[in-house]
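sequence and predicted structure, then a few things I'm wondering about:
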Amino acid sequence: MPKFLLKRWYGLHMVLALTFSLLLLGILTLHHWMYGAIGVICLIGLVIYVLQAEKGFQRDLRLYLATVTHRVKKAGEGVIQEMPIGILLYNEEKVIEWVNPFMTNMSGDEMMIGKNLLDVFPQLTLKPEQKRLEFVYNERTYEVLVRGEERLLYFTDITNFKELTLRYHREKAVLAIIHLDNLDEVGQVMDDQSRTLLSTSVAGVITEWANRHGIYLRRVSADKFLALMERETLDKLEESRFDILDVVREMTADNKIPITLSIGAGAAANSYIELGQMAQSSLDIALGRGGDQAAVKIGNKLTFFGGKSNAVEKRTRVRARVIAHALRDLIHEAEHVIVMGHKQPDMDSIGASLGVLKAVQLHKKDAYIVMDEGNSSVDRLMKEIYAHEELAEAFITPEQAIRLITGRTLLVVVDTHRPSLVIEPRLLEETSRIVVIDHHRRSEEFIEPVLLYLEPYASSTSELVTELLQYQSERLNIDSLIATALLAGIVVDTKSFAFRTGSRTFEAASFLRRNGADTAAVQRLLKEDLNQYVKRARVIMNTEKYRDNMAIAVGDPQEEFTQVQVAQAAEQLLTLSGIQAAFVVARRADDTVLISARSLGDINVQSIMEHLGGGGHLTAAANQMEGVSLKEAVRRLKEAIDEVV
């Protein structure tokens, strides 16, 4: 109770007691004066006793309060002097005015007061808006709480906490799945003994590598291993860029087809179930990108290592037949089918779209192809299509496609698997029945389809669609223009069968030729305008050689280029003697900087473009940059080359 209230309470009771005593004294006096006299004497004695008791109470109260105050003050001083937190006061000139003993012990300087704060702690950088920071002093880590208005700093030693956090990070579980990409294909050309010896030697190398790094390894099938390790081990493997990929490939290099590995690893998951799902997902992505690489997923971040060899062409058509039958069933279940390629469609995208259109028509279903503004390289083909009455009716705008979407619409995406690159991303949101047919190496950004046919070994999407067509009907009659467009897509993406060409590429081309593809028409469709040729030549003239075996060409900042023009210039540079990789940097009409990269295979341009945010194939990749100049884009490109190669 507050002191003034205590006094009021005490005074009120004294008044009431005195009033009652006087009334009692008056009554006694009325009965006999002697009783009154005795009452007066008693009252005087009572008053004297109360006054003495009040003085004693006040004296004891003051003594109690003084004792408590002294103890609290002493305890506060003891806490400040002995608490495991440093306290430092400084003035406006950052001169130290007062510190507690913790700070003296921390710095080893008993004469800190009067010195400049930054002279004592050079690593300590204070910013006006900063409220909390960490800094290292004498091999200890401290967290500093800043009270700028009071010019007060609190220092807490968090070294043990940091070490515990680091240890927790190092010892977190990592799950990896190691897959032998092409063991079956290699084994087909060997006898049983040679195949067994090869499998045993590869398994021995992987086991020795695992033992060296402290990895628990378990073989779960003929071509698959399960690996369990700590995060610290994974960090070391990333530093070595998973050198086991190179070891196995070089060890089996004498074979007609060297064995390659794909590794999918997952880390930083909340449960072992999620960890396993991340590892399997990473492996799927690594295989989807052609194998011979490691995909490491840490939380939501996906990183790739390796990928130094081209994808090995599959020797069986079983997968193509299975996908074709699954696609046929989906078409039968659909009300109608919408086919969509990537933005700025090229010859491969349009050819594949026409091939899917034909597959749908074979099953008596309506099909439509979404088309936006094309590029100049497909103008001749589009003129031929629009002159064809039946095919022209199948091409619709993105807005028309949106209006056609129903619950039973089947959407087929060709020549891309990235949502950001499709012509109309809203179509992906409007339907869950999606089929993806693509030949690009899988990127982190990915459409989740009900049916996926992604084969990085293929020369083009047109090749994949041509194979699917062969399983749609026994009596196949393809329109000559569709067959020609499919063949043109293959020719463009293989550079007239010079790059990424396998035996199945020629088989697909042969099939199209038998079904009406006109090779002369293909050449006519691919003819180039003289002005475009001269424009590309000007870009090539502005070329510098980089690191002896690379060429970097830069377009005129005042000129505008398309993706096709930039890609053609890069391909032209690749024909020069001594050039293993070519890069062309130019500006598009919307001020976006385009980078096209081409390689003969020894240099992985896909990894370089992915470092910049793009993607593609090992030998053909690209990227787009917004808000940067050509000079800045070239600088970043060189940094990426130095980082990756």
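Arrived safely.

what about the strands in the stretch 201-350 of the chain?
Listed from the start of the chain, the stretch 201-350 of the chain has strands (DSSP state E, counting those that start in this stretch) covering 216-221, 224-230, 261-267, 293-298, 301-306, 336-340.

do me a favour and average the pLDDT over the first one.
Taken as a whole, strand 216-221 has an average pLDDT of 95.

with the shortest one instead?
Model confidence over strand 336-340, given as mean pLDDT, is 97.

lowest average pLDDT across the strands of the stretch 201-350 of the chain?
Of all these, mean pLDDT reaches its minimum on strand 301-306 (a mean of 86).

follow-up on the earlier one: mean neighbour count added to the strands of the stretch 201-350 of the chain, as CSV?
All C-beta spots, glycine's among them, are computed from the backbone N, C-alpha and C. Putting the strands of the stretch 201-350 of the chain into CSV (neighbours: other CB atoms under 10 Å) gives the following:
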stretch, mean neighbour count
strand 216-221, 12
strand 224-230, 18
strand 261-267, 26
strand 293-298, 25
strand 301-306, 18
strand 336-340, 25
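
can I get the ones you listed in TSV including distance to residue 578?
Below are the strands of the stretch 201-350 of the chain laid out as TSV (distance: least, CB to CB, whole Å):
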stretch	distance to residue 578
strand 216-221	43
strand 224-230	41
strand 261-267	32
strand 293-298	27
strand 301-306	26
strand 336-340	41
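
number of residues surrounding residue 533?
Neighbour count of residue 533, defined by other CB atoms under 10 Å: 12.

state the three-state secondary structure for it.
helix (DSSP: H, G, I helix; E, B strand; the rest coil).

residue 165 too?
At residue 165 the chain is in helix, as set by three-state DSSP.

tally up the residues packed near it, please.
Using other CB under 10 Å, residue 165 has 11 neighbouring residues.

could you do residue 232 as well?
Neighbour number of residue 232 under other CB under 10 Å is 17.

in what helix or strand does the spatially closest residue to it that is not a sequence neighbour lie?
Of all residues not flanking residue 232 in the chain, residue 170 sits nearest, at 3.8 Å (CB to CB, 6 or more residues apart in numbering). Per DSSP states H and E: residue 170 is located in helix 159-171.

list the residues that contact residue 369.
Contacts for residue 369 (CB atoms under 8 Å, 6 or more residues apart in numbering) come out as 338, 339, 340, 353, 354, 357, 394, 395, 396.

do that again at 10 Å, thanks
Each residue near residue 369 by CB atoms under 10 Å, 6 or more residues apart in numbering is listed here: 337-341, 345, 349-350, 353-354, 356-357, 385, 391, 394-396, 401, 412, 414, 423.

and residue 209, by the same measure?
178, 215, 217, 227, 237, 242, 243, 244, 247, 248.

what about 6 Å?
Residues in contact with residue 209 (CB atoms under 6 Å, 6 or more residues apart in numbering) are residue 244.

and it, how far is that from residue 42?
Counting by CB to CB, to the nearest Å, the separation of residue 209 from residue 42 is 107 Å.

ok, residue 378 next?
For residue 378, the distance to residue 42 (CB to CB) stands at 123 Å.

tell me which stretches of the stretch 501-645 of the chain form helices.
Here the stretch 501-645 of the chain has its helices, by DSSP state H, counting those that start in this stretch, at 503-514, 519-525, 530-541, 563-573, 605-611, 630-644.

and if you look at the stretch 101-250 of the chain?
Here the stretch 101-250 of the chain has its helices, by DSSP H, counting those that start in this stretch, at 101-107, 117-120, 159-171, 183-187, 192-212, 231-239, 244-251.

the ones you listed: lowest mean pLDDT?
When those are ranked by mean pLDDT, helix 183-187 comes last with a mean of 77.

quickly find the element holding residue 26.
With DSSP H and E as the criterion, residue 26 is inside helix 3-31.

returning to that earlier point: helices or strands next to the helix holding residue 170 in the packing?
strand 140-147, helix 231-239 (3 or more CB pairs under 6 Å, 6 or more residues apart in numbering; DSSP states H and E).

dump these into CSV; add distance to residue 124 as well.
Formatted as CSV, the helices and strands packed on helix 159-171 follow (distance: least, CB to CB, whole Å):
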stretch, distance to residue 124
strand 140-147, 7
helix 231-239, 30
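
what's stretch 494-513 in contact with?
By CB under 6 Å, 6+ apart, stretch 494-513 touches 313, 459, 463, 466, 483, 486, 487, 490.

nearest to residue 546 among those?
residue 459 (28.6 Å; CB to CB).

pLDDT wise, what is the closest one at?
pLDDT, residue 459: 89.

quick one: it from residue 486, how far?
The gap separating residue 459 from residue 486 is 12 Å, by CB to CB.

now do the SS call for residue 424.
What three-state DSSP gives for residue 424 is coil.

more crowded one of residue 378 and residue 42?
Under the criterion of other CB under 10 Å, the comparison of residue 378 against residue 42 puts residue 378 first, with 24 against 13.

am I right that that one sits in a helix?
Yes. Assigned with three-state DSSP, residue 378 falls within a helix.

related to what we said a few turns ago, make a markdown table out of the helices of the stretch 101-250 of the chain and add distance to residue 221.
As requested, those are exported to a markdown table (distance: least, CB to CB, whole Å):
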| stretch | distance to residue 221 |
| --- | --- |
| helix 101-107 | 58 |
| helix 117-120 | 63 |
| helix 159-171 | 29 |
| helix 183-187 | 10 |
| helix 192-212 | 11 |
| helix 231-239 | 22 |
| helix 244-251 | 17 |
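
quick one, which of those is nearest to residue 150?
Of the helices of the stretch 101-250 of the chain, the one closest to residue 150 (CB to CB) turns out to be helix 117-120, at 14.4 Å.

give the buried residues for that closest one.
Neighbour-count burial for helix 117-120, counted by 16 or more other CB atoms under 10 Å, picks out 117, 120.

contact partners of it?
Under CB under 6 Å, 6+ apart, the answer for helix 117-120 is 90, 94, 96, 112.

repeat the analysis, applying 8 Å as the threshold.
88, 90, 94, 95, 96, 107, 109, 112, 124, 126.

quick one, which of those residues are buried?
By 16+ other CB under 10 Å, the contacts of helix 117-120 give 88, 90, 96, 107, 112, 124, 126 as buried.

what sits against the third one?
Residues counted as contacts of residue 96 (CB under 8 Å, 6+ apart) are 88, 89, 90, 112, 113, 114, 115, 116, 117, 120.

now those in JSON lines, with distance to residue 199?
Putting the contacts of residue 96 into JSON lines (distance: CB to CB, whole Å) gives the following:
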{"residue": "88", "distance to residue 199": "67"}
{"residue": "89", "distance to residue 199": "72"}
{"residue": "90", "distance to residue 199": "70"}
{"residue": "112", "distance to residue 199": "69"}
{"residue": "113", "distance to residue 199": "74"}
{"residue": "114", "distance to residue 199": "76"}
{"residue": "115", "distance to residue 199": "71"}
{"residue": "116", "distance to residue 199": "70"}
{"residue": "117", "distance to residue 199": "67"}
{"residue": "120", "distance to residue 199": "65"}
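
which one of the residues you listed sits closest to residue 597?
Nearest member of those to residue 597, counting by CB to CB, is residue 117, at 51.6 Å.

nearest spatial neighbour of the closest one, skipping sequence neighbours?
Nearest to residue 117 is residue 94, by CB to CB, 6+ apart, at 4.4 Å.
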